[in-house]
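Participant: Return a 3D structure for these sequence lines:
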Amino acid sequence: MYEARTGRKVGTEQLLGSAKPSCPGMAYLKKDVSKLHTEPEFADYQQVLRKYVEQ
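Facilitator: Alright, predicted model coming up:
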């Protein structure tokens, strides 16, 4: 995370992709790829970023 005004680094966070059962039943992947990319849920972003936002 970087402060928008100054560009100063204020933190580092890591989010996992969604684990909800809405994943596809089948996906075609390239030969050497064994993982399927998913995006974190909006609530996950809110939870992690909350401590960086002024209340």
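
Participant: ok, now which ones touch the spatially closest residue to H37 that is not a sequence neighbour?
Facilitator: When the adjacent residues along the chain are set aside, H37 lies closest to G17, with 6.7 Å between them (C-beta to C-beta, 6 or more residues apart in numbering). All C-beta spots, glycine's among them, are computed from the backbone N, C-alpha and C. Under the criterion of C-beta atoms under 8 Å, 6 or more residues apart in numbering, the contact list for G17 reads H37, T38, E39, P40.

Participant: With L29 instead?
Facilitator: Contacts for L29 (C-beta under 8 Å, 6+ apart) come out as L36.

Participant: Apply 10 Å and report the result again.
Facilitator: Contacts of L29 were listed using C-beta atoms under 10 Å, 6 or more residues apart in numbering, and they are K35, L36.

Participant: Double-check that M26 belongs to a helix.
Facilitator: No: the assignment for M26 is coil, going by DSSP: H, G, I helix; E, B strand; the rest coil, so no helix is present there.

Participant: How many neighbouring residues does it have?
Facilitator: 4 (other C-beta atoms under 10 Å).

Participant: can you give me the helices for this structure?
Facilitator: Using DSSP state H, the helices of the chain run over 42-49.
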